[in-house]
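Need coordinates for the below:
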Amino acid sequence: MVRLVSIGVGYRGRVQFQQLQYFVAVAETRHFTRAAELVHVAQPSLSQQIKALERELGADLFLRARGNITLTDAGEALLPLARRILADADTARHEVLELAQLRRGRVRLGATPSVCTGLLPDVLRAFHDRYPGVHLLVEESGSHDLVRHLARGALDLALVVLPLPSPSPALTTVELLREDLVVVSSPEAAAPGGEGRRTVRIADLEGERLVMFRHGYDLRELTVAACRAEGFEPEFAVEGGEMDAVLGFVRAGLGVAVVPRMVATRSGRGLRVTALARPGLHRTIALAHRSDVAPPRAARELQRMLLER
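Numbering: from 1, shown residues only. Prediction:
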């Protein structure tokens with residue numbers, strides 16, 4: 001049984017864990033038959049359990065119309081709580097199932113695309129070599145999205161860029177590294193700031209066409225803010241890409257981009273890499289997890305390896 005305290009309908013009773021699973025399945029599919037298939041139960045049984053849950057809570061959770069299932073206000077209030085309960089229970093199950101010396105288990109790790117490209121490959125290879133039975137799941141997204149995934153229990157750990165978005169849920173963060181940003185360009189194109197320059201200033205990017213990341217990317221916000229601080233609005237040759245796409249567009253000569261030095265070092269083949277003149281641009285990468293729940297054992301071991309790398 002699971003106790004839910006106040007979801008907006010004055011409820012202080014008990015519901016079955018299975019009912020929450022069925023509720024979330026219907027909420028995500030917006031279809032009772034597809035939800036039943038998803039949780040491997042007969043559709044009439046699922047419908048009966050949803051109705052029983054609604055009786056327990058004293059409120060309808062869905063508005064039912066032919067071909068159109070939507071959440072009520074009570075359903076909207078319950079959904080994030082139910083997801084978090086299910087995610088925490090799933091984490092607990094995996095924790096209990098882990099055998100001695102981490103012969104099996106699971107780690108759900110979130111990271112920004114640039115960190116996936118630059119930092120993670122070597123660390124994950126070392127972790128896999130030491131614990132080959134541990135299943136690694138990597139979620140690649142921007143820091144804002146990763147913070148939300150951590151909060152609802154969908155990730156064990158996340159590598160995010162500081163500062164965290166505000167307001168943010170209760171997370172514990174440990175600074176991992178401070179990384180320089182550099183300018184990458186095509187060797188066939190004119191060098192930013194002029195040929196022969198060992199460094200380039202942000203002001204030299206005025207008039208340059210930039211290859212820009214999609215909205216939600218920390219690098220996009222940092223680059224645009226730096227340009228505006230120098231008194232100009234950046235020009236975009238193309239925007240909306242992920243890391244690999246941005247580097248490919250730069251290689252093709254579409255424009256220049258500001259990327260982490262680690263990414264340029266690892267993926268810089270076919271690119272001209274130019275340092276930014278002092279004070280330059282930097283970003284801080286931190287390892288984050290929920291403050292109210294300790295990461296599973298396998299995740300704690302990966303956390304230790306990242307901090308000691």
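
In the biggest helix by length in the chain, which residues are buried?
If you go by DSSP state H, the chain has its longest helix at helix 73-97. With burial defined by 16 or more other CB atoms under 10 Å, the residues of helix 73-97 counted as buried are 74-75, 77-79, 81-87, 91, 94-95. No exception for glycine: its C-beta is placed from N, CA and C like everyone else's.

Any chance you could list what contacts that helix?
Contact with helix 73-97 is made by 2, 4, 7-9, 17, 20-21, 23-24, 27, 57, 59-62, 71, 104-106, 152-154, 156, 293, 296-297, as judged by CB atoms under 8 Å, 6 or more residues apart in numbering.

picking up where we left off before, next, give me the two most distant ones among the buried residues of helix 73-97.
Every pair in the buried residues of helix 73-97 was compared (CB to CB); the two farthest apart turn out to be 74 and 95, at 31.6 Å.

So residue 123 sits against residue 309, correct?
Yes - in terms of CB atoms under 8 Å, residue 123 counts as a neighbour of residue 309; the distance is 5.6 Å.

more crowded one of the two?
More crowded of residue 123 and residue 309, by other CB atoms under 10 Å: residue 123, with 16 against 11.

what helix or strand does that one sit in?
Assigned by DSSP states H and E, residue 123 belongs to helix 120-130.

which of the residues in that helix are buried?
120, 123-124, 127.

distance between the ends of stretch 149-165?
13 Å (CA to CA, to the nearest Å).

same deal with stretch 277-294?
42 Å.

From the chain's centroid, how far away is that stretch?
Stretch 277-294 sits 14 Å away from the centroid of its parent chain (CA atoms, centre = their mean, to the nearest Å).

buried ones in that stretch?
By neighbour count with 16+ other CB under 10 Å, stretch 277-294 contains the buried residues 281, 283, 285-290.

start to end distance for stretch 248-267?
10 Å.

coming back round to it: return the set of buried residues in the helix or strand following the helix holding residue 123.
Remark: after helix 120-130, the chain's next helix or strand is strand 134-140, criterion DSSP H and E. Buried positions in strand 134-140, judged by neighbour count with 16+ other CB under 10 Å: 134, 136, 139-140.

Which residues does strand 134-140 contact?
102, 104-113, 116, 120, 124, 127-128, 146, 149, 154-155, 158, 298.

what residues are up against residue 103?
131, 133.

Give me the pLDDT for it.
As predicted, residue 103 sits at a pLDDT of 73.

and what of the one 4 residues further on?
Taken from the predicted model, the pLDDT recorded for residue 107 is 94.

Regarding it, what is its secondary structure?
With DSSP: H, G, I helix; E, B strand; the rest coil as the basis, residue 107 sits in strand.
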